[in-house]
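Novice: Kindly return the folded structure for what I paste below:
(chains A, B and C)
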Amino acid sequence: MTPRTKWDLVRFVSTFSVLLASWLLFAGPPDAYSIAAGTLSAAVLAALTYRFFLDDHEAGARHLIPNPLLLLLYLPYILFRIYAASFILVYDMIAGRMNPRIVHFRTRLRSDLARVVLCSSVTLTPGTIAVLIDEDHLLVHWFNAESGHSGRARREIAESMERFLGRIWS
Amino acid sequence: MPWDFVLWFFLGSLVLGLVRLVIGPSTADRLVGLNLVAGQVLALLVLLAVKEDVALYLDVALAYDIFGFLGILAIVKYFTKRRAS
Amino acid sequence: MNPAYWMELILIFLGMGFALIGNLGVFLMPDPYTRLQASATCSTTSVISVILAAMVSSGFSPTTGKLAIILLYFLVSSPVATTIIARYAWESGIVPWRRPKRRLGKGGSP
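Specialist: As a prediction, the model looks like this:
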């Protein structure tokens, strides 16, 4: 068994278990028929899609498995950020203080999953939208930009979330 | 809780998004309107489920959200392909 | 009047206000990116508020679990859709709107 086939097997099994767990979550009270159908369809789907679910070069376990307690804490944190920024955005819209700009910065996160979550969090926070993400470059549309400077934009938009995510996906 | 008033308020504010969906000058504007209307219809379904106390509406809301997302994905994919060729 | 009722009322009013502002913003803003800001942010906040209010209203029951699943799915899917639309607008060559610079002598920062 070469390392390549072993890695393929690990990817297949993890895809299959995630699909089966979400099926059992959605199907409600389990009976024999639903479990059999869920296992079959999860196996077929995992065989078709395990190449996209975990990327080929993403082999570090610490990049994939999050710290569960901090991941649970991240949800109320991002909800608080959404509410706070959304009041500021509404105030800016009503007062007519808009100065939209495209800014560009690089993240320090190493894991792909953490980068995707950072991109989603930046989009979810009112006032900023991630337009493009390419490896570690982010292109962000900022509604009320104070400056176009890259380092300052990173400090204002992403630094605290980045620190949090860096602790979740070490 | 005046659920009726809340439902009618959401329906009324949704009309502005629908107007943007119809008159938007470019495709991106129409997609913005579509995204907005999809989100608001999700909120309407959740409100309806709480008002009538029918949990079945929540399954409808989840399926509607999934298919709205897939629809936006498919539309963007289609237009990107057509522009490239 | 118990506190759960008041919390529900506040969340519903927040949802209504953000929905109105978001729809007005989508109707009035000058270019696709700023419209996307208004729609994505305010409608996201209003939908989250409505779902939280429904969770508070239905108490501890299976309905709350379903609402939590819907909320999680919405938190994952909504920013992805927004980013995809923004990337489509960027790649089809739409130039973002900039506030026109004020003339010299008027004062104030641009």
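Novice: Excluding chain neighbours, give the residue nearest to A:Asp8 in space.
Specialist: In this structure, A:Asp8 finds its nearest non-sequential neighbour in A:Tyr50, 7.5 Å apart by Cβ to Cβ, 6 or more residues apart in numbering or on different chains. Placement of C-beta: from N, CA and C, glycine included.
Novice: Give me the buried positions along the strand or helix carrying the one you found.
Specialist: Using DSSP states H and E, A:Tyr50 sits within helix A:32-53. By 16 or more other Cβ atoms under 10 Å in any protein chain shown, the buried positions in helix A:32-53 come out as A:Gly38, A:Ala42, A:Leu45, A:Ala46, A:Tyr50.
Novice: Any figure for the gap between A:Glu135 and B:Leu14?
Specialist: 39 Å (Cβ to Cβ, to the nearest Å).
Novice: helices or strands next to the helix holding A:Tyr50 in the packing?
Specialist: helix A:3-27 (3 or more Cβ pairs under 8 Å, 6 or more residues apart in numbering or on different chains; DSSP states H and E).
Novice: now A:Ala114: how far from B:Asp29?
Specialist: Counting by Cβ to Cβ - A:Ala114 and B:Asp29 are separated by 33 Å.
Novice: what sits against the residue nearest to A:Asp8?
Specialist: Listed by Cβ atoms under 8 Å, 6 or more residues apart in numbering or on different chains, the contact set of A:Tyr50 reads A:Asp8, A:Arg11, A:Phe12, A:Thr15, A:Phe16.
Novice: in chain A, which helix or strand is least confident?
Specialist: helix A:61-64 (a mean of 70; mean pLDDT, DSSP states H and E).
Novice: what separates the strand or helix carrying A:His141 from the chain centre, distance-wise?
Specialist: A:His141 belongs to strand A:137-142 when assigned by DSSP H and E. Mean-position distance between strand A:137-142 and its chain equals 16 Å (Cα atoms, centre = their mean, to the nearest Å).
Novice: does any part of it sit near chain C?
Specialist: Yes - counting by Cβ under 8 Å from any Cβ of the partner chain, chain C is contacted by strand A:137-142 at A:Leu139, A:His141.
Novice: Only the buried residues of that strand, if you could.
Specialist: Within strand A:137-142, the residues scored as buried using 16+ other Cβ under 10 Å are A:Leu138, A:Leu139, A:Val140, A:His141, A:Trp142.
Novice: returning to what we had before: adding neighbour count and pLDDT as columns, could you present the contacts of A:Tyr50 in JSON lines?
Specialist: Converted to JSON lines, the contacts of A:Tyr50 look like this (neighbours: other Cβ atoms under 10 Å in any protein chain shown; pLDDT from 0 to 100):
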{"residue": "A:Asp8", "neighbour count": "15", "pLDDT": "83"}
{"residue": "A:Arg11", "neighbour count": "20", "pLDDT": "84"}
{"residue": "A:Phe12", "neighbour count": "18", "pLDDT": "87"}
{"residue": "A:Thr15", "neighbour count": "22", "pLDDT": "88"}
{"residue": "A:Phe16", "neighbour count": "19", "pLDDT": "89"}
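Novice: Low-confidence bits of chain B, can you list those?
Specialist: Under the criterion pLDDT under 70, the flagged ranges of chain B are B:1, B:82-85.
Novice: which residue does it bring closest to chain A?
Specialist: Per Cβ to the nearest Cβ, B:Leu62 is where chain B lies closest to chain A, at 8.3 Å.
Novice: Not counting sequence-adjacent ones, nearest residue to that residue?
Specialist: Per Cβ to Cβ, 6+ apart, closest to B:Leu62 is C:Ile70, 5.4 Å.
Novice: distance of the one you found from A:Lys6?
Specialist: 38 Å.
Novice: just to revisit the earlier point, and the next helix or strand after the least confident helix or strand of chain A, does that touch chain B?
Specialist: Per DSSP H and E, helix A:61-64 leads on to helix A:68-95 as the next helix or strand towards the C-terminus. No - using Cβ under 8 Å from any Cβ, helix A:68-95 stays clear of chain B, with a minimum separation of 13.9 Å.
Novice: Where do the helices of chain B begin and end?
Specialist: For chain B, the helices defined by DSSP state H occupy B:3-23, B:27-52, B:56-84.
Novice: Return the most buried member of those helices.
Specialist: Across these, averaging neighbours per residue (mean count of other Cβ atoms under 10 Å in any protein chain shown) puts helix B:27-52 on top, at a mean of 22.
Novice: orientation of that one relative to helix B:56-84 in degrees?
Specialist: Put simply, helix B:27-52 runs at 170 degrees to helix B:56-84, going by axes from the mean of the first three to the mean of the last three Cα atoms, to 10 degrees.
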